[in-house]
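K.L.:
I need the structure of the sequence given here:
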Amino acid sequence: MRVYITDLESYNQNVGVIGRWIELPMDRNLLAECVEDILNDGRRACNHSHHHEEYIISDFECEYMSIEEYSPINKYNHIAEAMENIDEDGVKSIKFLLENNFVKDIFEAIESYEDSVRIYEDSTMEDIAEDFIQECYNLDDIPTIISNNIDYEAIARDMEIEGSHFKVENDIYEYIG
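P.N.:
Here you go, the predicted model:
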C-alpha cells in the first residue's frame, strides 16, 4: 500500500501540493516523522511561522481497498501491517469479501478470508459442477447410462443461481460464509 500525504493548509492556500509518497507499513515513529516533515515542508512553502497540523491522503495505490482522504494514516498503517504476510490469493479473497459486502470491514475480511472464500482459477462453472459431482459420488458405482448423461451445464446453472459462486475475470469465487 502506498499513500500520498499532502499538507492540507498549503493545499487550501493554493501554494501547491506539498507532500510525498509513503510506503506502508512503516515503523510508527518513522511514520510520525515523515508526516511531520511533510507538514514542515508545507509550513515553509507557505512562509508561516505557526505549525501546520492537518494532512490529507490525496492519492493512493492499494489493490484491495479504497482509502479515504481524511482518515488517519495510522489506521492504514495498521491495515498494511495486518496484510503484510498475506499471499496473492488471500489478497484476492479479501478484496472479494469487501467488494461484495460479505464483511463489515477489512479486519473482519482478514480474519475470515481463509474459511470464507474458495478460488477456482481459470475454471468454468461446468468444471466446478463436475468436480462437485465427482467429490460427492463415486461415478464407478453408478451405471454408465446415468454417469454418461449427467448434465453438468444444468448443475452449474443451478449452482450459479444458488448465489454462492461469482465469476471474477477468469476465476470463479465461491463464498462459503
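K.L.:
Tell me where the chain has helices.
P.N.:
Taking DSSP state H as the test, the helices found in the chain are 8-12, 28-46, 73-83, 88-99, 106-116, 125-136, 144-147, 152-162.
K.L.:
Turn those into JSON lines, including mean neighbour count, distance to Ser66 and mean pLDDT.
P.N.:
(Glycine included, C-beta is placed from N, CA and C.) Formatted as JSON lines, those follow (neighbours: other CB atoms under 10 Å; distance: least, CB to CB, whole Å; pLDDT from 0 to 100):
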{"stretch": "helix 8-12", "mean neighbour count": "19", "distance to Ser66": "20", "mean pLDDT": "93"}
{"stretch": "helix 28-46", "mean neighbour count": "16", "distance to Ser66": "20", "mean pLDDT": "96"}
{"stretch": "helix 73-83", "mean neighbour count": "17", "distance to Ser66": "11", "mean pLDDT": "96"}
{"stretch": "helix 88-99", "mean neighbour count": "18", "distance to Ser66": "9", "mean pLDDT": "96"}
{"stretch": "helix 106-116", "mean neighbour count": "17", "distance to Ser66": "10", "mean pLDDT": "96"}
{"stretch": "helix 125-136", "mean neighbour count": "15", "distance to Ser66": "29", "mean pLDDT": "93"}
{"stretch": "helix 144-147", "mean neighbour count": "10", "distance to Ser66": "48", "mean pLDDT": "90"}
{"stretch": "helix 152-162", "mean neighbour count": "14", "distance to Ser66": "28", "mean pLDDT": "93"}
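K.L.:
Relative to Phe60, which of the ones you listed is closest?
P.N.:
helix 73-83 (8.2 Å; CB to CB).
K.L.:
Identify all contacting residues around the closest one.
P.N.:
For helix 73-83, the external contacting residues (CB atoms under 8 Å, 6 or more residues apart in numbering) are 1, 3, 5, 22, 24-26, 28, 31, 35, 55, 57, 64-65, 67, 91, 94, 106-107, 110.
K.L.:
Now do it and helix 106-116, the angle between them.
P.N.:
20 degrees (axes from the mean of the first three to the mean of the last three CA atoms, to 10 degrees).
K.L.:
still on that earlier bit, nearest to Ile176, of the helices of the chain?
P.N.:
Here helix 106-116 is closest among the helices of the chain (CB to CB), at 5.5 Å.
K.L.:
quick one, that closest one and helix 88-99 angle?
P.N.:
Using the same axes, to 10 degrees: helix 106-116 against helix 88-99 is 120 degrees.
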